[in-house]
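Trainee: need a 3D model of the following:
(2 chains)
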2 protein chains.
Amino acid sequence: MVNYSYSLRSSWDMSLLRSVVAATQKSAQDLGLTSSALRNSALLAIAAQIAQHQEQILQANAQDLTQADQLPFALAQRLKLDSHKVQGMIKGLQDLAKLPDPLNQRQIHRELDTGLILQRLTCPIGVIGVIFESRPDALVQIAGLAIKSGNGAILKGGSEAVHSCQALMQAIHQGLREVGIPPQVLELVTTRAEILEILHMDDLIDLIVPRGSNELVRYIQSNTKIPVMGHADGICHVFVDEFADLAMAVAVTLDSKVQYPAACNAIETLLVHQAIAAEFLPQVVKALQEKGVELRGCDRTRHIVPDLIPAQESDWTTEYLDLILAIKVVDSLSEAIAHINQYGSHHTDAIITESAANAQTFQQRISSCGVYHNCSTRFADGFRYGFGAEVGISTQKLPPRGPVGLEGLVTYKYYLNGKGQTVAEYAGAGAKTFTHIDLRE
Amino acid sequence: MVNYSYSLRSSWDMSLLRSVVAATQKSAQDLGLTSSALRNSALLAIAAQIAQHQEQILQANAQDLTQADQLPFALAQRLKLDSHKVQGMIKGLQDLAKLPDPLNQRQIHRELDTGLILQRLTCPIGVIGVIFESRPDALVQIAGLAIKSGNGAILKGGSEAVHSCQALMQAIHQGLREVGIPPQVLELVTTRAEILEILHMDDLIDLIVPRGSNELVRYIQSNTKIPVMGHADGICHVFVDEFADLAMAVAVTLDSKVQYPAACNAIETLLVHQAIAAEFLPQVVKALQEKGVELRGCDRTRHIVPDLIPAQESDWTTEYLDLILAIKVVDSLSEAIAHINQYGSHHTDAIITESAANAQTFQQRISSCGVYHNCSTRFADGFRYGFGAEVGISTQKLPPRGPVGLEGLVTYKYYLNGKGQTVAEYAGAGAKTFTHIDLRE
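Mentor: Numbering: from 1, shown residues only, chains lettered A, B, ... in the order given. Got it, this is the predicted structure:
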């Protein structure tokens, strides 16, 4: 039975923080060697603890909400838990337990020579630092991903969600204890000062995953030697080609902008080919304005639809995260591609066209993580891609990029097993040669 | 016919450098869309040009060597070209042309729903900056890897190799021209000032690969926002377990230290289990001293072999790159693992033991890129692993790590092709569900 009359520990003593993280690292090394069955049973035990203590969790959340008067409406909505959201957390953990084990996957199995066998096996990264904002359900999702992938984690929730996060963390720790996993493998920190400390612990923390505002992500990228996985901006585009089905173009533009404007995969700029601009712009402007979208147009757009606010140069690089859209008329497919590669954030960009050749050119030439043809940019999401759980979305050039599932939380090691072989035998006169035979099984 | 009476252009005008790199970026975007056949024919054309102009290349190299009087012997050896080394460059390019195309590999092919098809395809990274020291043959190897993987590259050779690099670059450019690839896709820079400039061009360069001294690598890691792939130190270990075959342990230790002491995968520290130390140490010390290795021992080592130089704490973290080895007696397998994880550089570490259980514990608990059992650490190499060409060796926690072949020079994009699908159809009441069917073929 968990004792929920815990004392509020709003932050670690700074002098203790390093030893707390060191204990997480040590526990993580053991977790990485546990069986898939044990890690999955931990996920189910955590789910059961959350179910059992739903009332206490909702009470803690109510306490956070009473102190959240000044929070913007959208943030308060994300902070608020209800039984439906708690059921979602439980279901998420149960689904995660069903996914294949990301650890000990053999990626290479090769005989280098008789009795000299190379294997590449996946293994945990170590300790992940994850910073998320007010959504307490993110805590449970990330804790689950860390356990499934055999990693320790230091979790930093929003300060406005401190009671909710602590109540959830108690349930998570109790679930871990039940199956014999040391609870310190996952630790909660709640203050910005603690995160600043942790950014310097590059000998203990192996990866930072910031999920939050552009400013937060940029700050972290510039203030740590630890690798950072994530994205700052999401400047996504729809380009309506001269060969577009205009009804489809209106529908996809609308979905890409208004279905959830605060998402990183919602569009900020609509590019329209000049050949269809006079016909298309009035249709799409009407549809967007009916949904309350504020539109900012370039000169050529405003020549066709005069009432729009003039777009500034800064509009092409602004992530509104709101019901605002910039519109630009372009002369050609090439100009659209050049605009997106210059001003975009390499997240997700779509072309609407019936021309297979133009779609191919667009998808090959755009250097973004997601290059779409005739569908909404909002599909850029780990769940929709069928990855199950999602760590985050990366817009880096190097892998992992785009929506990242469990593969972003594992790395690999090369195992080489021999019988005393030395490199000298394979060098110089009379050298043995490598066989390099890939082994099946 | 190449005009080899070129004027010596020892560095770019700084104000031009940015436009040179921008031209490389633009050419690289085109190169990434060429066929595998064209890129392979470019490799063969470059090989033919090098063969045809071997005399001019060797003359340029002779000019570098006359100015290399003050170079340390090892550096001068690496700088010196002969017909054997030139044949090696040609063979390397021909072998590279035979490797599978790393581009357009389909890693995921999945129906998200009827008519909504997700694909993950490999693509080039963009422009790579590679910094290497005096070996002119490295220039050819890296140029070949860049062309094969569809990337542009800015190549910085050692200033002492400037004539050799320029002669090789002329042959490379001529080979590219012959098959219709713009030569500016590969550019040579020769001064440190140019590299400092390039480290700031994070909008044009996508990856830096430093191949050189620890100081060079650390400097670059601390002075650029561009991702860096490589390694600073190579502090590798052999641990001789209490259940080791001692003759094998002597042979593997010897090979790991003396076969090529300047390599990053040569060992710097030998750890010996106390249970066999009295028997093993005299044997291994004799064998190492016969090869001219200077030995530095911990107190317990010197209790058994009194004449050794006392090892200092700093010896456990020093990469000698020379015929020097530190030796430490440890109480247990656990102490060996803890020592390696604390002092090592996560490159490659080996255990010598006849105990399968101890080998497994060692290989699972050591967090290095290479974890070996009963074989020399010197096997840590892309060619020996069967990767063909090697970009470099990475000791980072995240992939790619260990010896990195062409896979380190490609990334991927997600292609999503639909028929006008919107996310709204998959949300709320009456939502469609995703099928998530992996497609064969």
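
Trainee: can I assume residue A:351 sits in a strand?
Mentor: Yes - counting by DSSP: H, G, I helix; E, B strand; the rest coil, residue A:351 is located in a strand.

Trainee: show me what contacts the closest residue to it other than its chain neighbours?
Mentor: Leaving aside its chain neighbours, residue A:351 sits nearest to residue A:362 (4.1 Å; criterion: CB to CB, 6 or more residues apart in numbering or on different chains). All C-beta atoms are positioned from the backbone trio N, CA, C, and that covers glycine. Residues counted as contacts of residue A:362 (CB atoms under 8 Å, 6 or more residues apart in numbering or on different chains) are A:239, A:241, A:333, A:336-337, A:351, A:353, A:371, A:373.

Trainee: how about a cut-off of 10 Å?
Mentor: A:239, A:241, A:333, A:336-337, A:340, A:349-353, A:355, A:371-373 (CB atoms under 10 Å, 6 or more residues apart in numbering or on different chains).

Trainee: what helix or strand does it sit in?
Mentor: helix A:356-365 (DSSP states H and E).

Trainee: over to residue A:187?
Mentor: Once you assign secondary structure using DSSP H and E, residue A:187 falls within strand A:186-189.

Trainee: for residue A:281, same thing?
Mentor: Short version, using DSSP H and E: residue A:281 is in helix A:274-290.

Trainee: hang on, the earlier thing: state the mean pLDDT of the helix holding residue A:362.
Mentor: For helix A:356-365, the mean per-residue pLDDT is 98.

Trainee: gap between that helix and the chain center?
Mentor: 27 Å (CA atoms, centre = their mean, to the nearest Å).

Trainee: any buried residues in it, and which?
Mentor: Buried residues in helix A:356-365, counted by 16 or more other CB atoms under 10 Å in any protein chain shown: A:358-359, A:361-365.

Trainee: CA-only coordinates of stretch A:32-41 in CSV, if you can.
Mentor: Provided in CSV are the C-alpha atoms of stretch A:32-41 (Å, rounded to 0.1, in the frame of the first residue of the first chain):
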residue,chain,number,x,y,z
GLY,A,32,19.4,-2.7,-19.1
LEU,A,33,20.2,-6.4,-18.3
THR,A,34,16.7,-7.4,-17.1
SER,A,35,14.5,-9.6,-19.2
SER,A,36,11.8,-8.2,-21.5
ALA,A,37,9.3,-10.1,-19.4
LEU,A,38,10.3,-8.2,-16.2
ARG,A,39,10.3,-4.8,-17.9
ASN,A,40,6.8,-5.5,-19.4
SER,A,41,5.5,-6.7,-16.0
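
Trainee: if we can go back for a sec, let's see if you can find the most crowded of the contacts of residue A:362.
Mentor: Within the contacts of residue A:362, most neighbours by other CB atoms under 10 Å in any protein chain shown means residue A:350, with 33 neighbours.

Trainee: still on that earlier bit, quick one: the residue nearest to residue A:351 from residue A:281, how far?
Mentor: Distance, residue A:362 to residue A:281, using CB to CB, to the nearest Å: 20 Å.

Trainee: returning to what we had before: could you identify the helix or strand that succeeds the helix holding residue A:281?
Mentor: strand A:294-297.

Trainee: so which elements touch that next one?
Mentor: strand A:267-273, helix A:274-290, helix A:299-304, strand A:309-310, strand A:324-330 (3 or more CB pairs under 10 Å, 6 or more residues apart in numbering or on different chains; DSSP states H and E).

Trainee: repeat that with 8 Å
Mentor: helix A:274-290, strand A:309-310, strand A:324-330 (3 or more CB pairs under 8 Å, 6 or more residues apart in numbering or on different chains; DSSP states H and E).

Trainee: helix, strand or coil for residue A:335?
Mentor: Once three-state DSSP is applied, residue A:335 turns out helix.

Trainee: now the helix or strand hosting residue A:208: average pLDDT?
Mentor: In the assignment (DSSP H and E), residue A:208 maps to strand A:207-211. Across strand A:207-211, pLDDT averages out at 91.

Trainee: what about that strand, near chain B?
Mentor: Yes - Strand A:207-211 is in contact with chain B by CB under 8 Å from any CB of the partner chain, via residue A:207.

Trainee: just the buried residues of that strand, please?
Mentor: A:207-211.

Trainee: which among those residues gets closest to chain B?
Mentor: Top of the list for closeness to chain B, among these and by CB to the nearest CB, is residue A:207 at 6.9 Å.

Trainee: low-confidence ranges in the stretch 1-150 of chain A?
Mentor: The model of the stretch 1-150 of chain A has pLDDT under 70 over residues A:1-12, A:134.

Trainee: and it, which residues reach chain B?
Mentor: Going by CB under 8 Å from any CB, the residues of the stretch 1-150 of chain A near chain B are A:29, A:33, A:110, A:112, A:116, A:118, A:125-126.

Trainee: dump these into CSV; add secondary structure and neighbour count as well.
Mentor: Listed next are these as CSV, based on DSSP: H, G, I helix; E, B strand; the rest coil; neighbours: other CB atoms under 10 Å in any protein chain shown:
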residue, secondary structure, neighbour count
A:29, helix, 20
A:33, coil, 15
A:110, strand, 18
A:112, strand, 21
A:116, strand, 22
A:118, strand, 23
A:125, coil, 24
A:126, coil, 20
